[in-house]
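Asks: my questions concern the predicted model and sequence given below.
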Amino acid sequence: MTRPVIVWFGDDLRLDDHAPLAAAEGRAGLYVYVHDESARALGGAAQWWLNRSLAALGQAIAAKGGRFDILSGRAESLIPALARAAGASHVFWGRRYGGAWVEKLKGVKATLALEGVAPKSFNTRLLREPWEVVGESGQPYKVFTPFWRRHRGLAPTPPPLPAPTRLVAAPWPADAPARVSLAALGLQPTKPDWSGGLAQAWKPGEAGAQARLTEFLDAALPNYADERDRPDRPSTSRLSPHLRFGEISPRRIVATLESAHDSANARAAEKFLTELGWREFAYSLLYASPDLATRAWQPKFASFAFRADQTGFLAWTKGKTGYPLVDAGMRELWSTGFLHNRVRMIAASFLIKHLLIDWRQGEAWFWDTLCDADEANNPASWQWVAGSGADAAPYFRIFNPVLQGEKFDPEGIYVRRWVPELARLDSRWIHAPWRAPKSVLADAGVTLDRTYPAPIVDHDFARRRALDALASLSA
DNA sequence: TTTTGAGTTGTTCGA
DNA sequence: GTCGAACAACTCAAA
C-alpha cells in the first residue's frame, strides 16, 4: 500500500490555487488544520471568522471526496505525530510569516526530516516571497516605492493553479493524535453572542471570497481610484478578511483582475494592484522584523513617552471621542469586524497623535476586533501612522477628523449610519456638532455630553502637543 | 564612493 | 475662496 500524504492547511483555507493540494493530487491524503494558539493567538473577530471558514473548507473538501480533520495543540508535536502514525510520505503546507510561525515551521520541518517524512512548504499567500523582493545586495527594502518597482520588474509570477477535481481520503490512523470537532474549539462567541453584526456583513469561506471579488470587479472597480477613500460608498473590495484567511489567493485576484479589466479601468486596476503591493510590503517588513507588532521599527521611537490614558483609550474603543468620524469608525469596527481603510488611518491617527497613546494599544485593539486582523498588515500600518514604521507618514501629518469628514463623507452618510444619535443633525454640522448653534442641536435632539460626547480633547491643542512631542525625537 | 532625487493617504497660515 | 509654502531633516535606492 502506498503511503498517504498530509496536506496541512493554515492561513490558506481554500482549494483554488493551493500548491500543497496540487502537490498531493491523485494520492490518498489527510487534510488537516491544527488550531495552535502558541503563536500569536487570534482575536475575537478573527476567531469568529475562522470558525465559519473552517466549516466552509470542511464542506468543500468533503464535496471533492476528501475528509477534513482538525487537531488542537502545538503543531510542532502534532504534525510529526500524525505523520508517524499515518506512515506519511510527505507533508505539504503553505508558509506563514509571523515571527512565531517561522520558528514553529522550521521545527516541524526538522522533525519530519529526521523521521524520514518529506516536508515541503509552498507559497500560498503572497504574490512573491519576501526574500525574492530584495535590493541588489540582498537587503530588504525599507521604502515602498522601490520595493514595488522591483516586485513588478521581476519575472512574472506563476499563474494560479486550478482547484483539484477530486480528493482521495486516507483513513485516519489508529494511533494518531485525537481529532477535535470544530465546535470544540470554542471559536463561536456565546454569553454573549456578539457576532450578529458580523454574520450580517460577511460570508466567510472560499465561495464567499470569490463572490466578493466578482462583485467588486463588476460594480466598484471602475470608480475604485476615485472613490476608494469614501467610507460612505461601497467602493472598496472588502476582500481583506478573505485574504487574511487565504480563502482567495492574491495570484488569483491578480489573474482575475487582468482578465476582467479593460483599458478604461487601467488606472483603477493599477491602484488596486498597488494595495496588494502594500500587503506584500507589510509581509516583507514582518519577515525581516518578526517583532513588528511590539517594537518600534525605527529605533529612535523606542524612547518616545506615550501617555497612559485609560479613560481616553476606553472612549476611543467605544466610539465616544466626540469626533463623529472617529466614533463612526470605531463603532463600525465593533459592529461588523471591519473598518474602511481611510477611517482606519483617521481613527489610528487620533489615538496616537491626539491622545498620544501607544500605537501598540491600538494595534492590539484592532487585532482583537478586526476580522482581517493580519500579522503583517496590522502592525505595519499602525507603525506607519505612528511614524515609527517603514516609509512612515511624516510626523507633522496629523489628520483633522473634521476636515477629513467634510472631505470624504461630505453628506455625513457614513456618520449617520454608525452614530444614530446624530442622525438628525444637518450635514453642515455633522462632523463638528460642538460648533452647531444651540437651536440646531436642540432641533436635532442632540445634547452634548448627554446624548453625544463633547470632544474629549481639543483638536488645536492636541495637534500642537503632538507636534511638540514628536519634534523632540529628531533633536 | 559619491551624488542626487525622491519619499501613500495632511494641515495650517498668510498672502 | 484659492494658492503656495512651511512644517525637519533624514534616509533610501539607484545612477
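Replies: Yes, it's here.

Asks: alpha carbons only for contacts and neighbour counts from here, please
Replies: OK.

Asks: is it true that A:Asp17 lies in a strand?
Replies: No - assignment of A:Asp17 by DSSP: H, G, I helix; E, B strand; the rest coil gives coil, placing it outside any strand.

Asks: surely it touches A:Ala163?
Replies: Yes - contact criterion C-alpha atoms under 8 Å: A:Asp17 and A:Ala163 qualify, at 6.1 Å.

Asks: between the two, which one's more packed in?
Replies: Per other C-alpha atoms under 10 Å, whichever of A:Asp17 and A:Ala163 has more neighbours is A:Asp17, with 23 against 16.

Asks: for the closest residue to the more buried one other than its chain neighbours, what are its contacts?
Replies: Leaving aside its sequence neighbours, A:Asp17 sits nearest to A:Leu161 (C-alpha to C-alpha, 6 or more residues apart in numbering; 4.1 Å). The contact partners of A:Leu161, by C-alpha atoms under 8 Å, 6 or more residues apart in numbering, come to A:Asp16, A:Asp17, A:His18, A:Ala19, A:Ala22.

Asks: distance from stretch A:361-380 to the middle of the chain?
Replies: Stretch A:361-380 sits 7 Å away from the centroid of its parent chain (C-alpha atoms, centre = their mean, to the nearest Å).

Asks: need the residues that contact it.
Replies: Outside stretch A:361-380, the residues touching it (C-alpha under 8 Å, 6+ apart) are A:42-49, A:98, A:240-245, A:279, A:282-283, A:285-286, A:292-293, A:317, A:333-334, A:337-339, A:348, A:351, A:382, A:389-390.

Asks: thinking again about what came up before, sec struct for the residue nearest to A:Asp17, please.
Replies: Under three-state DSSP, A:Leu161 falls in the coil class.

Asks: returning to that earlier point: which one of the contacts of A:Leu161 sits closest to A:Leu213?
Replies: A:Asp16 (13.8 Å; C-alpha to C-alpha).

Asks: and that closest one, its phi and psi?
Replies: As for A:Asp16, its main-chain torsions (degrees, to the nearest 10) stand at phi -70, psi 150.

Asks: neighbours around it, how many?
Replies: 19.

Asks: can you give me the pLDDT of it?
Replies: Looking at A:Asp16, its pLDDT stands at 98.

Asks: cool, and A:Glu115?
Replies: 91.

Asks: likewise for A:Ala266?
Replies: 89.

Asks: one more: A:Ala471?
Replies: 83.

Asks: cool, and A:Ala475?
Replies: At A:Ala475, pLDDT is 51.

Asks: what does A:Ser303 give?
Replies: So A:Ser303 comes in at 88 (pLDDT).

Asks: same check, this time on A:Thr2
Replies: For A:Thr2, pLDDT reads 86.

Asks: confirm that it sits in a strand.
Replies: No - read with three-state DSSP, A:Thr2 is coil and lies in no strand.
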